[in-house]
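Participant: give me coordinates for this.
(2 chains)
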Number of protein chains: 2
Amino acid sequence: MSQTIITPKTPTGTMELLPREQIVFQKMLDTIRQKFERYGFLPIETPVFEETNILLTKSGGETEKQVYFVQSTGSIKEGHAPDLALRFDLTVPLARYVAQHQNELAFPFRRYQIQRVYRGERAQKGRFREFYQCDIDVIGRETLSPAYDAEMPVVIADIFRDLNIGAFTINVSNRKILKGYLDSIGVTDAEAKAQVLREIDKADKIGWADVEKNLVAAGHTKLGSLLVLLKNDADNATRLKDLEKLCGNSAEAAEGLKEIALLLSTTADMGAGDVIRFNPAITRGLDYYTGTVYETFLNEHKNFGSICSGGRYDNLASYYTKSKLPGVGISIGLTRLFEQMRGAGLTGEAASNVKVLITMMDEKLSSDYRRIATQLRAAGINTEIYLEADKMDKQMKYASKSGIPFALIMGSDEKAKSVVAFKNLNTREQTEVQQASLAETIKKIIR
Amino acid sequence: MSQTIITPKTPTGTMELLPREQIVFQKMLDTIRQKFERYGFLPIETPVFEETNILLTKSGGETEKQVYFVQSTGSIKEGHAPDLALRFDLTVPLARYVAQHQNELAFPFRRYQIQRVYRGERAQKGRFREFYQCDIDVIGRETLSPAYDAEMPVVIADIFRDLNIGAFTINVSNRKILKGYLDSIGVTDAEAKAQVLREIDKADKIGWADVEKNLVAAGHTKLGSLLVLLKNDADNATRLKDLEKLCGNSAEAAEGLKEIALLLSTTADMGAGDVIRFNPAITRGLDYYTGTVYETFLNEHKNFGSICSGGRYDNLASYYTKSKLPGVGISIGLTRLFEQMRGAGLTGEAASNVKVLITMMDEKLSSDYRRIATQLRAAGINTEIYLEADKMDKQMKYASKSGIPFALIMGSDEKAKSVVAFKNLNTREQTEVQQASLAETIKKIIR
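Facilitator: Now for the predicted structure:
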């Protein structure tokens, strides 16, 4: 039977891992999930697609151009327009979920959601068409205390410490501060305000001197005192005090500063103070945010961009319900982070999740190998039996390529003595273990 | 601002759960994954979509009609045909994965994969367009010992016991048996063979009398001795012996019976013998399978259909590689199982994964609540702080609706005495706990 071979490949813009990389990635996902639960968030999952009229409420936008539509064979044949599309983030599905199930949920509703999202991006390095987002949000009904904003960075700090990805800084600010201040000095036009924020946001890239030059060129001449303060690298407390002085005339700015003060004291109380940087220059592109905003950077890898961002919004689901649902959320883009870490050589291959390979030294002893495997598994040890009667050398190569750390070897000699040989495949060290206490002894050796 | 409200709903044919149901579902997923790892399987994940020419290799088929195509806005506008489609199972992606990465994998390659798959089914009860599959497969290069087939049901038995879903039976057979036997009595035509297998497969629904009648009507008059044996409800060992006698003239049937004998002894050795039923009447619809086949039923809910099926195949990835890759696999359709169990009232709502709600008795003590929360979380206790200064009654209702089992209450009186009140929200029992030993005491109470 001759058959044309189709070259197997993964679609552009997706990340597919080998098993030992997948184990590393899975551990990161598990850590994130465990911490989300530790801090009192509840799991939800939503379908990968939503009805198009639900997903595409906002007209125009950059995101909408990148939507993947979904259509069955039958529907295409009948000439219908697609009525389903893949989610491009977890926020729209959350909005739909909360609006739909609001009577069955307890508010404030704290949910976590770890799923993949989809964007029909142009193919280029570092751009993913499919990637994991790990989101937490707290949604209030009518109101939501800024104390919830204050706790978010504590969760994130705990996660990134556990993930062991090096030093990081969570930048926080509050949109009310600059907005209120600009109003108070007469920059009230929305477009003018947006322009100022855009320029300030560029400081990291182009430097403060150029920011100042651009602003003056655009006719913004009253920003001198603000810029002095923004570019001054003071500590959080000083910065807060200086801004309180500067913004004395704006009730809105004062409110934003009060919320930041609460965030700073909360994160300090909860042991995360040292990674928080109050940075009023971060403004987040999205108009969506109305108060607190977060951006997280790796200190040694600022080029990765923000690895975890979010903020406060006034009303989550105005397209789907008349209920007012203010919320605050933050999101880790894990696929991109993992890819960047891998590119920088920061993730290795894990050992296999299999701890022990029971080799087939002698096929006649198969029944013994099965009995031993059953014992080890019952004791919670991840165990594999090599079931082909291959040469020992081949079996050992298999273990080594798979990253299995230990091999159990038993021939008729060992069987006669009621022992097994237990070999550490990294150190090559071999121990004789009594069968009578097999599981306990092996558990000790493995640790 | 007046705005049209779009009624929020989930797409037809998807399962979306409330948080407390999601917790139940998630525990099932976790159990399955833990057991897969316990038995030595490695994780992989593949993208939700594949290139259409890779996914749709087989021409025609029922499955192909149900494919969901995926296309970005840009691609639709430019009038292209869709070049991506959602996976409809995990087997085609596995075939592509193994063919693509074969030089980097260790064989026999044992992988597990727990992801959702997609079918553009007609909308009807019990049919899902999006559902979880939990698959394990072992793939050999050139050859794969039938000992791998024999271990599969042990994994499944261990999982279903742990899932606590009631009594179940794993039906096993081997396609070589009937195929070889039919050849030996002169039923050699492929269509005639298929007809016999189809009729036999109906026995559960229409009864053996009708099966026999249909077969005779179709001209199959030599099947008397086989039917006597199939409808006889003998134990596995007797059945095996009887079939060995009956099939004495067929080398192929003898091979199938030898593989079944190995499976029966292996499952018995490994403590799963009692749930295995050697049932030569199961034939599995798919031509795909070439040896061992599995089907699993709940004893008290046969109407659920097979909740876990699979089998042996000769060559996994002939479309993508010239390497011969025989394998054996089995798959749990978890979404459908969960939905059926829920329909039958067999799944409840779980308690929240949050163990302790720290209530806000007195907003002035916020800093204390934060300190306590940090302590409990560091001790591994999932803890939430209620951060709104609401009435106690409202806070308790929130805990109860969320399913949080314990509340911690501390006002200024308790603070003065260095204690907290710790309340079991199910029993209403309240204990005074010393702050000095808070985490340890609470850990004990929670267990």
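Participant: I'd like to know which helix or strand in chain A has the lowest mean pLDDT.
Facilitator: helix A:62-65 (a mean of 66; mean pLDDT, DSSP states H and E).
Participant: report the contact partners of the residue of the stretch 151-300 of chain A found nearest chain B.
Facilitator: As assessed by Cβ to the nearest Cβ, chain B sits closest to residue A:269 within the stretch 151-300 of chain A, at 4.4 Å. (C-beta placed from N, C-alpha, C; glycine too.) Contact criterion Cβ atoms under 8 Å, 6 or more residues apart in numbering or on different chains gives B:367, B:370-371, B:374 as the residues in contact with residue A:269.
Participant: what ranges do the strands span in the stretch 1-150 of chain A?
Facilitator: A:42-43, A:49-51, A:68-72, A:84-86, A:109-118, A:130-139 (DSSP state E, counting those that start in this stretch).
Participant: how about low-confidence regions in the stretch 101-250 of chain A?
Facilitator: Scanning the stretch 101-250 of chain A for pLDDT under 70 picks out no residues.
Participant: around chain B, pick out the residues from it.
Facilitator: Residues of the stretch 101-250 of chain A lying close to chain B by Cβ under 8 Å from any Cβ of the partner chain are A:101, A:104-108, A:110-111, A:116, A:118, A:120, A:130, A:140, A:143-145, A:147-148, A:151, A:158.
Participant: if you set the cut-off to 6 Å instead, what comes out?
Facilitator: Taking Cβ under 6 Å from any Cβ of the partner chain as the contact definition, the stretch 101-250 of chain A meets chain B at A:104, A:106, A:120, A:130, A:145, A:147-148.
Participant: for the stretch 251-400 of chain A, give me the ranges with low pLDDT.
Facilitator: Across the stretch 251-400 of chain A (using pLDDT under 70), the flagged ranges come out as A:285-286.
Participant: which positions in it make contact with chain B?
Facilitator: By Cβ under 6 Å from any Cβ, the residues of the stretch 251-400 of chain A that approach chain B are A:269-270, A:319-320, A:353-354, A:367, A:370, A:374, A:377, A:382, A:384, A:387-388, A:398.
Participant: centroid residue for chain A?
Facilitator: Nearest to the mean C-alpha position of chain A, counting by Cα atoms, centre = their mean, stands residue A:332 at 2.7 Å.
Participant: bridging residues for it?
Facilitator: residue A:134, residue A:308 (DSSP bridges).
Participant: strands along the stretch 201-350 of chain A, start to end?
Facilitator: Ranges of strands in the stretch 201-350 of chain A, per DSSP E, counting those that start in this stretch, are A:276-278, A:292-298, A:308-313, A:327-333.
Participant: so for residue B:394, which of those strands sits nearest?
Facilitator: strand A:327-333 (19.0 Å; Cβ to Cβ).
Participant: check which helices and strands the closest one is in contact with.
Facilitator: With contacts taken as 3 or more Cβ pairs under 6 Å, 6 or more residues apart in numbering or on different chains; DSSP states H and E, strand A:327-333 sits against strand A:130-139, helix A:146-163, strand A:308-313.
Participant: what is the burial count for residue A:375?
Facilitator: For residue A:375, the count of nearby residues is 15 (other Cβ atoms under 10 Å in any protein chain shown).
Participant: coming back round to it: surely the residue nearest to the centre of chain A and residue A:135 touch.
Facilitator: No: the pair residue A:332 / residue A:135 is not scored as a contact, 7.8 Å apart, by Cβ atoms under 6 Å.
Participant: what residue in the stretch 251-400 of chain A comes nearest to chain B?
Facilitator: Chain B sits closest to residue A:384 of the stretch 251-400 of chain A, with a gap of 2.8 Å, by Cβ to the nearest Cβ.
Participant: how many neighbours does that residue have?
Facilitator: 27.
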